[in-house]
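Give me a model of this one.
(one chain, ligands or ions: 1)
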Amino acid sequence: MSFENYSKQLVRYPELGFSLDLSRMDIPASFRGEMSGKVEKAFSDLKKLEAGEIANPDEGRMVGHYWLRRPELAPSDELREQITAPLAAVKEFAAKIHSGEIKSPGGSHFQNLLVIGIGGSALGPQLIYDALGSASPLKTWFFDNTDPAGMDRVLEEIGSELDRTLAVVISKSGGTPETRNGMLEAKAAYEAQGLKFAEHAAAITGDGSKLDNFAKSEGFLTIFPMEDWVGGRTSVMSTVGLVPMALQGIDLDEILEGAAAMDEKTRQETDNAAMEMALAWYHEGNGKGEKDMVVLPYKDSLMLMSKYLQQLVMESLGKEHDLDGKVVNQGLAVYGNKGSTDQHAYVQQLRDGVHNFFATFIEVRKPRDGESIEVEEGVTSGDFLQGFLRGTRTALYEKGRKSLTISIPEVTPHTVGQLIALYERAVTFYASLVNINAYHQPGVEAGKKAAGVFLELLKQVRAALGDEAQTAEEIAASLNADAEAVYHCLTHLAGSGQATLEMGESAAADQFAAA
Ligand code: PA5
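Just a heads-up that it's a prediction; the model follows:
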């Protein structure tokens, strides 16, 4: 591998301090030519999307997350207003919380923030808080699941401070069960401390949604809108991300500016880091996602990047049908955590084991804000971190394992905005290259439906339990239901103390009665 080749394979944006190194992806020069038709179409699709054409045909929606950071690009005054008015309202609300103009009912400044949301309504705020929230005036917690023990853990940490805790409930649809449950659990916890939840709560949701109606009827402090042309997993620069960021004192203008700057670079037809990345994914996975993407940021504060990208990429690209209705089972699996920690976990397999991935290293050039000690003569911890990144990249390549390397100068609102925008655009391009709709999520709906079926059966099984012990098959027969499904209801009821369980020699012989 020559330095000349490395140098040629580097997309650099010096004014952003950003670079993308494609040299370890071994993409033959001819590939660009082979892909030229698809690339041309992807640029044309992008133009149409940014001009406001319906880019999510299944849901009949525009896809407007790129407008959020450049409202002037939105195709109508009405849309521009839907971006600029909430942005001003978010800043005003945060200023009032910080100054104490809006105080907790007990008369103190709000000091904590409880964000209640899931998926696209949680992962962006979690990434931003972890990456940039160290100086936040509001210590932040998340309810991002319907796990009761998980919520108890958060509530225990907040302890008696609930009166000084502002709750922000985020749900675009306003009907997501996990978020509704989190909100009701939070409400009960506030009430248990003699507090009114609504006096501590704000909502972010679509107009007229169940959450919107609930927040209005309860008298929440405020409600921020979320528009249907912003998808959940691309909503971090809408009110979904902006409200927590503003409350955490994070410079949201800089995040928006960083994203806008990257958007501009990734509109150009040459030296386009997002298109190069999408092509690299395509080449490595044969346009079918045959290789997983391992994301390795060598910086603790970017650890949630892989989790964030897992959702952004997999929920967007993991689709059964293409836009022509053909079964394609597309996708690109993403996992990762952080370097160099992962060298002591799965990197062993990456180098020597099954070859089913490519890596993406994220390098942050500035090691830390202050001075460094020498941990060995002439060597700092930061030198080690860099050494491990470079070493792992080389060790993988020696074994024919490919990698991309993204470099940024430091973790700031601007660079985090750039990274998010880069990946959003790469997803947009890749979706065009493989001809799928990246903006719907039918698989998520299927899971929700199946959960509903389980809950309905659970009620019937609970009612069918009596004093006399019965097997799952006996109860299933009385309900005309599937025995295995009934068995899972029964073990859940036993686990939560609502049924007794006497173990038999097999699951079929287990006996259950009302507790
Ligand atoms: O990206 C998506 O669309 C999803 O992950 C949603 O964000 C998630 O399901 C939560 O939806 P909602 O904001 O409607 O509660």
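
now R180, what's its secondary structure?
helix (DSSP: H, G, I helix; E, B strand; the rest coil).

Residues contacting the lowest-mean-pLDDT helix or strand in the chain, please?
When the helices and strands of the chain are compared on mean pLDDT, DSSP states H and E, helix 442-464 comes out lowest with a mean of 90. With C-beta atoms under 8 Å, 6 or more residues apart in numbering as the contact definition, helix 442-464 has outside contacts at 58, 119, 177, 315, 318, 320, 475, 478-479, 481, 485-486, 488-490, 492-493, 498-499. C-betas here are computed from N, CA, C, even on glycine.

So which of those residues would count as near the ligand as well?
For the ligand, the contacts drawn from the contacts of helix 442-464 by C-beta under 6 Å from any ligand atom are G119, E315.

In helices only, show me the contacts of helix 442-464.
P177, E315, I475, S478, L479, A485, V486, H488, C489, L490, H492, L493 (DSSP state H).

ok, how many other residues are close to the residue of the chain found nearest the ligand?
At 2.2 Å from the ligand, G232 is the closest residue in the chain, using C-beta to the nearest ligand atom. Counted with other C-beta atoms under 10 Å, residues neighbouring G232 total 28.

can you check the one 3 residues further on too?
In terms of burial, S235 registers 26 neighbours under the definition other C-beta under 10 Å.

Let me see the contact set for the nearest residue to the residue of the chain closest to the ligand once chain neighbours are set aside.
With C-beta to C-beta, 6 or more residues apart in numbering as the criterion, G232 has its nearest non-adjacent residue at 2.7 Å, and that residue is G120. Shown in contact with G120 (C-beta under 8 Å, 6+ apart): K172, G231, G232, R233, T234, S235, V236, V240, Q311, E315.

Do you know the pLDDT at G120?
Predicted confidence (pLDDT) at G120: the value is 97.

where's it relative to K172, distance?
7 Å (C-beta to C-beta, to the nearest Å).

Please, a PyMOL command that selects the buried ones among the contacts of G120?
Of these, the buried ones can be selected in PyMOL as follows, counting by 16 or more other C-beta atoms under 10 Å:
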select buried, resi 172+231+232+233+234+235+236+240+311+315
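
In JSON lines, list the contacts of G120 along with pLDDT.
Output for the contacts of G120, formatted as JSON lines (pLDDT from 0 to 100):
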{"residue": "K172", "pLDDT": "96"}
{"residue": "G231", "pLDDT": "96"}
{"residue": "G232", "pLDDT": "97"}
{"residue": "R233", "pLDDT": "97"}
{"residue": "T234", "pLDDT": "98"}
{"residue": "S235", "pLDDT": "98"}
{"residue": "V236", "pLDDT": "98"}
{"residue": "V240", "pLDDT": "98"}
{"residue": "Q311", "pLDDT": "98"}
{"residue": "E315", "pLDDT": "97"}
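
Measure how buried the closest residue to G117 other than its chain neighbours is and give me the count.
In space, and not counting its chain neighbours, G117 is closest to I170: 3.5 Å by C-beta to C-beta, 6+ apart. A count of neighbours around I170, defined by other C-beta under 10 Å, yields 32.

And N435, by the same measure?
19.

what does the stretch 1-150 of the chain have sitting close to the ligand?
So far as C-beta under 6 Å from any ligand atom goes, the stretch 1-150 of the chain lies against the ligand at I118, G119, G120, S121.

Determine which two of the residues you listed are furthest apart.
I118 and G120 (8.3 Å; C-beta to C-beta).

Regarding A203, what is its secondary structure?
Under three-state DSSP, A203 comes out as strand.

That one contacts S217, correct?
No: at 11.5 Å, A203 does not count as touching S217 under the criterion of C-beta atoms under 8 Å.

phi, psi of L166?
phi -90, psi 130 (degrees, to the nearest 10).

what residue ranges in the chain score low on pLDDT?
Counting by pLDDT under 70, the chain contains no low-confidence segment.

Recalculate using a threshold of 80.
1 (pLDDT under 80).

Would you map the strands across it?
10-13, 18-21, 112-116, 139-143, 165-171, 201-205, 222-225, 292-297, 334-336, 357-364, 403-408, 499-502, 511-514 (DSSP state E).

Sheet partners, orientation included, of the fifth one?
Think strand 165-171. Next to strand 165-171 in the sheet, as set by DSSP bridges, lie strand 112-116 (parallel), strand 201-205 (parallel).

Distance from the chain centre to the first one, please.
Per C-alpha atoms, centre = their mean, to the nearest Å, the displacement of strand 112-116 from the mean C-alpha position of its chain is 17 Å.
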